[in-house]
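Colleague: From the sequence below, what's the structure:
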Amino acid sequence: MQQRLKILITANHCAPNQGSEHGVGWNFVWQISQYHDVYLVCNKHDYIQGVIDFVNSEEGKKRNIKLYLVEQKVKYTKRIRFFPFLYYMDYERWQKNVYSLVSDILRTEPIDIIHHITNITFREPGFLWKLDKPFVWGPVGILGDEPIKFIHFYSRKEAFKMVIRRWTCIYQLNFSGRLKKAAQRAAVCLCVSNHAAQVMRKKLGARRTEVIPETGAILRDLQAIPGPRAASDPIQLLWVGRFDSSKGVLFLIEALKRIQEVGDVKYKLILVGDGDQREEALELCEEYDIDYAYKGYVPYTEVADLYQQSHLFFLTSLMDATTTVVFEALANYCPVIALNHLSFSEIVDQTCGAKIDLRSPEQIADDMASTIRHFYFHEEERYPLSLGARKKAEAYSWEKKMEQIHRIYQSLV
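Modeller: Below you'll find the model as predicted:
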């Protein structure tokens, strides 16, 4: 990596030691700032002090990060999730304020490239594509394409939100002039999957797309590589996420009901997270006499131990982009059992896990139960997947991602 460029980044969500959108924004800023000067425009959110502290630290000064804060009034709280249009209306207002700020910055600073990172949904590209600078948009994910046939599996509230989100996304993809102008003016659209790239080209007319998941693997050095499971030990199953119907934890619980009825597998289920469906999920675990442990909220920096101690990680979401947890599991030698759709189907393969097709809730639970039973009795097949998980994580590491980003930046200047 040679030429050090001046990159203006807009990351509404951005904070160290956080997951989800905040983790996406921060990890991009962290990696890019190692090789380029960064002008970071960020929302004045609840975790902003961590960003401020880093920028003012010796390391932050060495990386030459300049921070600009633009406050967004409406926060994406549990209450506002039921009326997401209020959030997006205010997010658009925030983007207009960012456009005004960046226009002023460009009068005095020799910016080379503008990169709009979060939120990753395609629904709000901002307005910086109007400026006379190479504009990079993304990573961009396509929401609204989750399987509609599973709508009855959602709670009434989540089903309502899914229908509204789906129709809103369809309308915007087909009729939003601003989306099409942003995609066509963008020098590059970074897309979280091949599917997202195809939609961006076909529906919005993007000229150039590159596939880069919104998150990546953080390859920490481990004190010891997890070894094979002894035949007499239970198989430890891990699920991490928000407890709501779109995350699909009940698929796994129903699968373990089938395991429990046969009684030929010793297992331990570890559940991490919280949400509206938590009480229902835990009550079902009790009703089915499932051997489980509920950990609640586990700090982001400590959850790695659970991945290393577990033998299979279950990614059961019906609606997500790539999601941080898949790379956390892979980086910690934990094979991933994922539903065969969205970005998961492009990352998880036979070298690092297994995929479950989506035909019906009953079929999903049956196939998950068969998968658990198979790997319980065939550790000689499961353990190579553990080693393969780490290799897969290395291929999707933030370092690899930064090499790709750098090549893209250089191609634009």
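
Colleague: And the pLDDT for Trp167?
Modeller: Trp167 is assigned 82 on the pLDDT scale.

Colleague: What is the neighbour count of it?
Modeller: Applying other Cβ atoms under 10 Å, we find 11 residues neighbouring Trp167. Glycine gets a C-beta too; all of them are placed from N, C-alpha and C.

Colleague: Now name the helix or strand holding it.
Modeller: Using DSSP states H and E, Trp167 falls within helix 156-175.

Colleague: Check the offset of that helix from the chain's centre.
Modeller: Averaging C-alpha positions (Cα atoms, centre = their mean, to the nearest Å) puts helix 156-175 20 Å from its chain's average.

Colleague: Grab the CA positions of that helix and hand them over as PDB.
Modeller: In PDB, the C-alpha atoms belonging to helix 156-175 read as follows (Å, rounded to 0.1, in the frame of the first residue of the first chain):
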ATOM      1  CA  ARG A 156     -48.000 -10.000  14.600                       C
ATOM      2  CA  LYS A 157     -45.900  -6.900  15.200                       C
ATOM      3  CA  GLU A 158     -42.900  -8.300  13.300                       C
ATOM      4  CA  ALA A 159     -45.100  -9.500  10.400                       C
ATOM      5  CA  PHE A 160     -46.700  -6.100  10.100                       C
ATOM      6  CA  LYS A 161     -43.200  -4.500  10.000                       C
ATOM      7  CA  MET A 162     -42.000  -7.100   7.400                       C
ATOM      8  CA  VAL A 163     -44.900  -6.400   5.000                       C
ATOM      9  CA  ILE A 164     -44.400  -2.600   5.300                       C
ATOM     10  CA  ARG A 165     -40.600  -2.900   4.900                       C
ATOM     11  CA  ARG A 166     -41.000  -5.300   1.900                       C
ATOM     12  CA  TRP A 167     -43.400  -3.000   0.000                       C
ATOM     13  CA  THR A 168     -41.400   0.100   0.900                       C
ATOM     14  CA  CYS A 169     -38.300  -1.500  -0.500                       C
ATOM     15  CA  ILE A 170     -40.000  -2.700  -3.700                       C
ATOM     16  CA  TYR A 171     -41.400   0.800  -4.200                       C
ATOM     17  CA  GLN A 172     -38.100   2.500  -3.700                       C
ATOM     18  CA  LEU A 173     -36.100   0.100  -5.900                       C
ATOM     19  CA  ASN A 174     -38.500   0.700  -8.700                       C
ATOM     20  CA  PHE A 175     -39.500   4.300  -8.400                       C
END
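
Colleague: Which elements pack onto it?
Modeller: Counting contacts by 3 or more Cβ pairs under 8 Å, 6 or more residues apart in numbering; DSSP states H and E, helix 156-175 packs against helix 84-106, helix 194-204.

Colleague: Which neighbours in the sheet does the next helix or strand along the chain from the first one have, and how are they oriented?
Modeller: Translated: helix 84-106. Downstream of helix 84-106, the first helix or strand assigned by DSSP H and E is strand 113-118. Using DSSP bridges, the strands paired with strand 113-118 are strand 6-11 (parallel), strand 135-140 (parallel).

Colleague: mind listing the strands for the stretch 201-350 of the chain?
Modeller: Assigned by DSSP state E, counting those that start in this stretch, the stretch 201-350 of the chain shows strands spanning 209-211, 235-240, 267-272, 292-296, 312-315, 336-339.

Colleague: and those strands, which is most packed in?
Modeller: Mean neighbour count (mean count of other Cβ atoms under 10 Å) peaks for strand 312-315 among these, with a mean of 26.

Colleague: one step back: just the strands paired with strand 113-118: most buried one?
Modeller: strand 135-140 (a mean of 26).

Colleague: Just want the angle from that strand to helix 194-204.
Modeller: 130 degrees (axes from the mean of the first three to the mean of the last three Cα atoms, to 10 degrees).

Colleague: Need the residue closest to the centroid of the chain.
Modeller: Thr323 (2.5 Å; Cα atoms, centre = their mean).

Colleague: for stretch 346-354, how far is the first residue from the last?
Modeller: Taking Cα to Cα, to the nearest Å, stretch 346-354 runs 12 Å from one end to the other.

Colleague: Give me the distance between it and the centre of its chain.
Modeller: 17 Å.

Colleague: Use 131 as the first number from now on
Modeller: Shifting the count to begin at 131 puts that one at stretch 476-484.
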